[in-house]
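Enquirer: I would like to see how this sequence folds:
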Amino acid sequence: MQVILAQPRGFCAGVERAIRIVEGAIKLYGAPIYVRHEIVHNRRVVEELGAKGAIFVDELSQIPKGAHTIFSAHGVSAEVEKDAKLRGLSVIDATCPLVEKVHKEAQKFSAKGRKIVLIGHRGHPEVEGTSGRVEEGVILVSSVEDVAALPIDEAGAFAYVTQTTLSVDDTREIIKELHRRFPDIIGPDLRDICYATQNRQNAVRVLAEQCDLILVVGDETSSNSNRLRDIGLEMSVPTYLVRNANCIQSAWLEGVATVGITAGASAPENLVQEVVAYLRRAAPIDVQTLEGIVEQVEFKLPSELNEL
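Expert: Next comes the predicted model:
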């Protein structure tokens, strides 16, 4: 059996930074360190950080007054920041710099009197954080149909921003519809779109052209992992999202000559290698990695952790 690994796959720079922040805070301040929400959407990562001394909570009210606290990579609203100050929490912000850029874009457009349309998935922590950064609120859309159904005055001035786990490809048709409905709408420079999301989607498309089956390593809660699976299916290749090797069903491999493996931006490489090990136990395999983009992006740690 041929096994082809996507390139790039797995951790992006924002996820690596967030994990290093939690590990660094534990090293600097000692356990426990409290983290609001999952630092990234991956159970293995959360479990490993929990074993080192991180405690993950849903609400700030669950954190003792004055405790060291980390905001997740997905970002938080201004209201959460305010609440943390009122509770006297010592906060380190692990928000991905690309998410912060979206916050600033939305605030900049809003300050110029434009209504903000946010392209994203309702309920996603990043969407909640971005929505809470615009005092006047945002208009959330997830599809072309949402745009067409917007019951708002088309004479107003609008701007759009997007959830970072959506690629240029994911949002292209929605943006076209926004421009059709609101000809004067403006948006961010395409260079502000998350590089990691687009790169991983491009790689899975190449993978799909060469494989009989694709396994996407990632959690069900990971938006970008789910999208990688969807792309494989759209290209008529049987594609499964697996949290780990134990999720693989042997029936999937029957009659398969070439298996492609990729991983969402929050999935660690050790999970990928466990999937490879599972396949090696099932049959003799030859493993190769696609030629692709080697990402060399690295984000600086917050100033509190610079010396680590």
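
Enquirer: okay, now the unreliable bits of this protein?
Expert: When residues are selected by pLDDT under 70, those of the chain lie in 154-155, 191-192, 307-308.

Enquirer: residue nearest the centroid of it?
Expert: Thr165 (4.7 Å; C-alpha atoms, centre = their mean).

Enquirer: surely it touches Asn226?
Expert: No: here Thr165 lies out of contact with Asn226, judged by C-beta atoms under 8 Å, at a distance of 9.4 Å. All C-beta atoms are positioned from the backbone trio N, CA, C, and that covers glycine.

Enquirer: list residues touching both of these two?
Expert: In terms of C-beta atoms under 8 Å, 6 or more residues apart in numbering, Thr165 and Asn226 are not both contacted by any residue.

Enquirer: any chance you could map the strands in the stretch 201-308 of the chain?
Expert: Here the stretch 201-308 of the chain has its strands, by DSSP state E, counting those that start in this stretch, at 213-217, 239-242, 258-263, 286-289.

Enquirer: counting contacts, what elements does the first one pack onto?
Expert: Meaning strand 213-217. Here strand 213-217 is seen to pack against helix 195-208, helix 223-234, strand 239-242, strand 258-263, helix 269-282 when contacts are counted using 3 or more C-beta pairs under 8 Å, 6 or more residues apart in numbering; DSSP states H and E.

Enquirer: quick one: the first one to helix 223-234, angle?
Expert: Read it as helix 195-208. In terms of direction (axes from the mean of the first three to the mean of the last three C-alpha atoms, to 10 degrees), helix 195-208 departs from helix 223-234 by 30 degrees.

Enquirer: run a quick neighbour tally on Arg180.
Expert: Neighbour count of Arg180, defined by other C-beta atoms under 10 Å: 12.

Enquirer: that one: which element?
Expert: helix 168-181 (DSSP states H and E).

Enquirer: quick check: angle from that helix to helix 195-208?
Expert: Orientation check (the same axes, to 10 degrees): helix 168-181 against helix 195-208 gives 110 degrees.

Enquirer: who are the packing partners of helix 168-181?
Expert: Using 3+ C-beta pairs under 8 Å, 6+ apart as the contact criterion, the neighbours of helix 168-181 among helices and strands are strand 115-119, helix 144-148, strand 158-162, helix 195-208.

Enquirer: tell me the most buried of these?
Expert: Among the helices and strands packed on helix 168-181, the stretch with the highest mean neighbour count (mean count of other C-beta atoms under 10 Å) is strand 158-162, at a mean of 25.

Enquirer: for Ile152, find the nearest of the strands of the stretch 201-308 of the chain.
Expert: Among these, strand 239-242 comes nearest to Ile152, with 35.5 Å by C-beta to C-beta.

Enquirer: before we move on, back to that, can I get the helices and strands packed on strand 213-217 in CSV including distance to Pro8?
Expert: Formatted as CSV, the entries for those read as follows, by distance: least, C-beta to C-beta, whole Å:
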stretch, distance to Pro8
helix 195-208, 5
helix 223-234, 12
strand 239-242, 18
strand 258-263, 9
helix 269-282, 11
